[in-house]
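K.L.:
only geometry, no sequence info:
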Ligand SMILES: [Zn+2]
């Protein structure tokens, strides 16, 4: 992944180096387990520490505190590059496919805890999007762990996580999220869950659209995508459900199966078209 060639975004806010520490140690887990949990967490928006906890059947050991992260480092530079690339891509798509103007979201880096319009996020909350303030929130402790365990191969998984959250922002800007929430407020539980899955799959498809245009400019290649797909094929809600045995990871049940996620990501990736990402009016989900 040639992220050094990507334009840096000006929309990254750095809220790291606050009062808390960076969760680091994950006692007792194998390196493979950490890699799977962290990458699954990044891609699917599930807290990796919870996944690890499930895999180990116990609590994750607290880490020593580290403070005062430098403002400029590889991780923040990487996030600025990927976010900048999503801005360029979505500017173009909005203009070409919708004849509209894309309003880019802000992205907040945090390392300990962060106060969003959607509530207070604790350490290791994983990446999330808050529609109330139009911001993507990224816990950098995860990025550090991916870097430590998966090395350079982790780049696309991390970029995919950002692109998925930006996908939620696109849904918000298109009014899709609001419509879905309204529909959910008068639906039964099964329908509510089904709609949430479709929203998540669409964010995957939108991440695929970003991948389409980025691949077109030779900034990512087939190997990057293949790596991410392999991970996605191994880990989805179905996998997590098998692992959980009674313990509920709330976000895990609303993201769709691994097969569904790969299929929708691939659809966006191959077509580059918003029309191909209508996860709502299709029986194929
Ligand atoms: Zn999501």
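P.N.:
On my side now, so go ahead. In this text the structure is predicted, and so the values were computed from the model without any measurement.

K.L.:
residue ranges with poor pLDDT in the stretch 1-150 of the chain?
P.N.:
18-72, 121-126, 142-143, 145-150 (pLDDT under 70).

K.L.:
repeat for the stretch 151-285 of the chain
P.N.:
Where the stretch 151-285 of the chain drops to pLDDT under 70, the residues are 151-153, 228-255, 282-285.

K.L.:
what about stretch 204-212 and the ion, touching?
P.N.:
No: counting by Cβ under 5 Å from the ion, no contacts exist between stretch 204-212 and the ion, the nearest distance being 8.0 Å. Any C-beta I mention is one placed from the backbone N, CA and C, and that applies to glycine too.

K.L.:
who touches that stretch?
P.N.:
85-86, 89-90, 93, 160, 163-164, 166-167, 170-171, 220, 225, 256, 261, 264-274, 276-277, 279 (Cβ atoms under 8 Å, 6 or more residues apart in numbering).

K.L.:
among these, name the buried ones.
P.N.:
By neighbour count, with 16 or more other Cβ atoms under 10 Å, these hold 85-86, 89-90, 93, 160, 163-164, 166-167, 170-171, 220, 225, 256, 261, 264-269, 272, 274, 276-277, 279 as buried.

K.L.:
show me which residues of the stretch 51-200 of the chain sit near the ion.
P.N.:
residue 200.

K.L.:
quick one: the strands in the stretch 51-200 of the chain?
P.N.:
Secondary structure of the stretch 51-200 of the chain by DSSP state E, counting those that start in this stretch: the strands cover 106-110, 114-116, 119-121, 128-130, 135-139.

K.L.:
give me the buried stretch members for the fourth one, please.
P.N.:
Within strand 128-130, the residues that qualify as buried are 128-130, counting by 16+ other Cβ under 10 Å.

K.L.:
go on, the second one?
P.N.:
Along strand 114-116, these residues count as buried under the neighbour rule (16+ other Cβ under 10 Å): 114, 116.

K.L.:
partners of that strand, with directions?
P.N.:
strand 119-121 (antiparallel) (DSSP bridges).

K.L.:
can you list the buried residues of strand 128-130 in JSON lines and add distance to residue 181?
P.N.:
Below are the buried residues of strand 128-130 laid out as JSON lines (distance: Cβ to Cβ, whole Å):
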{"residue": "128", "distance to residue 181": "16"}
{"residue": "129", "distance to residue 181": "14"}
{"residue": "130", "distance to residue 181": "14"}
